[in-house]
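**Student:** what shape does this take:
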Amino acid sequence: MSEWKVVEKWKNKPQGQVWRVQDAKGRTGFFKFAYPHQWHDAGPIVGNEWLARRLASRLGLPSASLECATVREAGHELRGIVSLPRPGTRLVSWRSLPSAVHQQPERYIDNWERMIQTVAFDVWLTNIDRGSGENIMLYRRDGGRWHWYLIDHGYTLYGCDRKWADHPPGSVHWRRVWRFYHIPRGWQRLAKRPTLMAMAQNIALIPARDIRSCVEAVPDTLYSSGIKSSVIELLLTRQKTLPAILDAWLRYKGNKEFRL
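**Tutor:** Numbers count the residues shown, from 1 in each chain. Sure thing, here's the model as predicted:
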């Protein structure tokens, strides 16, 4: 558990706080936490973020480095997680890229097919927060192809109580992906069946015991035994049904991309 100092109280939202912070080594990052009264909208941020990154790494999806952290502010010790941006590069979000990149990602993005496979990952984890493209960061060197990594997974997995208020985990709602999830602009044309099913197969190959042990290892005291049990059930159930869920999404004729 590393200690950080506040540089700027950057965002104050119902779903939690995001502060710019710095540690004794001069590293900077984004400290995410929630006050107890924000539980309904924020949930166990640390556990959601930590577990999503572990699973993303297991599947070869690049994501931001994370550290569990404490910040002392106004006499209080605040516990949360720090997301570390890639150092030494100018970062932009998917949403901020030129329209030419949105229109033809395969021309400009390194490892673009793996990026599109994020759709299958998000569907597995019931992610409700990817569509705007603000949580996909990109960078490049010397004007070459763009490299990417994923950030912000607070609404994956258990998310928060608000996420399940109208539709409990077993509801058909979570199998109709178009109802809760939109993909970034430019992805729909490339989100083809072979691409997504290849990731679904990779997910299917993760042993159940590994999923259970990964969830049990979440370093967040707010990830109670009840939450862990529900997350394990969600992951194992959707692991088995993911191909069928993706098939229904692929056959859906409506808009699947995020609209401003």
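**Student:** how far does the longest strand anywhere in the chain sit from its chain's centre?
**Tutor:** Longest strand in the chain by number of residues, with DSSP state E as the criterion: strand 2-13. On the basis of C-alpha atoms, centre = their mean, to the nearest Å, strand 2-13 sits 20 Å off its chain's mean C-alpha point.
**Student:** got it, and stretch 148-166?
**Tutor:** That offset, for stretch 148-166, works out to 7 Å (C-alpha atoms, centre = their mean).
**Student:** with stretch 116-131 instead?
**Tutor:** 8 Å.
**Student:** over to stretch 209-224?
**Tutor:** Distance of stretch 209-224 from the chain centroid (C-alpha atoms, centre = their mean) equals 17 Å.
**Student:** can you show me the strands along the stretch 1-150 of the chain?
**Tutor:** With strands called from DSSP state E, counting those that start in this stretch, the stretch 1-150 of the chain shows them at 2-13, 16-22, 28-33, 65-73, 76-84, 92-93, 136-139, 147-150.
**Student:** before we move on, the earlier item: now the longest strand of the chain: buried residues?
**Tutor:** 4, 6 (16 or more other C-beta atoms under 10 Å). Where you see a C-beta, it was placed from the backbone N, CA and C, and this is true even at glycine.
**Student:** ditto for stretch 29-41
**Tutor:** Under the neighbour-count rule (16+ other C-beta under 10 Å), stretch 29-41 has 29, 30, 31, 32, 33, 34, 38, 41 buried.
**Student:** same question for stretch 72-81.
**Tutor:** By neighbour count with 16+ other C-beta under 10 Å, stretch 72-81 contains the buried residues 78, 79, 80, 81.
**Student:** gap between the last one and residue 140?
**Tutor:** Using C-beta to C-beta, to the nearest Å, one gets 27 Å for the distance from residue 81 to residue 140.
**Student:** any stretches of the stretch 1-150 of the chain with poor pLDDT?
**Tutor:** By pLDDT under 70, the weakly predicted segments of the stretch 1-150 of the chain are 1.
**Student:** if we go to 80?
**Tutor:** The stretch 1-150 of the chain contains residues with pLDDT under 80 at 1-2.
**Student:** how about residue 97, what does it touch?
**Tutor:** By C-beta atoms under 8 Å, 6 or more residues apart in numbering, residue 97 lies in contact with 138, 146.
**Student:** likewise residue 200?
**Tutor:** 120, 242, 243, 246.
**Student:** out of those residues, which are inside helices?
**Tutor:** 120, 242, 243, 246 (DSSP state H).
**Student:** can I get those in CSV with neighbour count?
**Tutor:** Below are those laid out as CSV (neighbours: other C-beta atoms under 10 Å):
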residue, neighbour count
120, 26
242, 21
243, 17
246, 21
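**Student:** among those, give me the pair with the biggest separation.
**Tutor:** 120 and 243 (9.3 Å; C-beta to C-beta).
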